[in-house]
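Asker: only geometry, no sequence info:
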Ligand code: CA
């Protein structure tokens, strides 16, 4: 299991690396936001431990960039600030857990184990809803035997919906995961892309998979 630790307090970073290596994890360190962002989005990890307050890019921006890039690696935030706002924001953009400094290594290790256990179920490379399949590795989408051509944005949108199959996702959730922070959440961009996706995924098939939940958002599932 390979872990990325992004932490600018070098002493703490080295302490975490040493402790995790003693527990037989492979550990990479990034000591600033720039390196953290690069490694989180260009290397493959089973878990990222991410400090929030970092020089250059903060932890929230790194997580956001990673999720936008389609990286679903579990993330544990380290934060000195026990502020509700940071927690809510972090969890909204897809952090898996939080640990408030100062913490004991023992506590961190317990969280790491839980996260990795959960993570191993979550990193399904092939997502499937009824006869619709999406392969995260080859980036191919099939409905039954029919190959469906989708744009990169449609792919991200579909991947997000399929990762939450059976759950209603709101337009805000979608926009935060599929578009960058310049996205205007009051615009109808989400609806336009859903409509395009529907045209490709559901048109001509008896069983419709993408459903609108009026006033709430969208859900992908096989309904009877
Ligand atoms: Ca820090």
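Answerer: Done, it's in. This structure is a prediction, so every number in the text was calculated from the model and none was measured.
Asker: residues from this structure in reach of the ion?
Answerer: Residues of the chain lying close to the ion (C-beta under 5 Å from the ion) are 8, 51, 53. Quick note: C-beta positions are derived from backbone N, CA and C, even for glycine.
Asker: between those residues, which sits nearest residue 106?
Answerer: Nearest to residue 106 among the residues of the chain next to the ion is residue 51, at 19.1 Å by C-beta to C-beta.
Asker: so that closest one sits against residue 62, correct?
Answerer: No. Assessed by C-beta atoms under 8 Å, residue 51 is found out of contact with residue 62, at 9.4 Å.
Asker: circling back: can you redo the residues of the chain next to the ion as TSV with secondary structure and pLDDT?
Answerer: Below are these laid out as TSV (DSSP: H, G, I helix; E, B strand; the rest coil; pLDDT from 0 to 100):
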residue	secondary structure	pLDDT
8	coil	95
51	strand	93
53	coil	89
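Asker: okay, those in TSV with neighbour count next?
Answerer: Output for those, formatted as TSV (neighbours: other C-beta atoms under 10 Å):
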residue	neighbour count
8	17
51	24
53	17
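Asker: who touches both of residue 51 and residue 62?
Answerer: residue 6 (C-beta atoms under 8 Å, 6 or more residues apart in numbering).
Asker: the least confident helix or strand in the chain by mean pLDDT - contacts with which helices or strands?
Answerer: One helix or strand of the chain scores below all others by mean pLDDT, DSSP states H and E: helix 84-92, with a mean of 72. With contacts defined as 3 or more C-beta pairs under 8 Å, 6 or more residues apart in numbering; DSSP states H and E, the packing partners of helix 84-92 are helix 59-68, strand 75-79, strand 97-100.
Asker: and if we set it to 10 Å?
Answerer: The contact analysis (3 or more C-beta pairs under 10 Å, 6 or more residues apart in numbering; DSSP states H and E) places helix 84-92 against helix 59-68, strand 75-79, strand 97-100, helix 171-178.
Asker: hang on, isn't residue 36 packed against residue 58?
Answerer: Yes. Counting by C-beta atoms under 10 Å, residue 36 does reach residue 58; the two are 9.5 Å apart.
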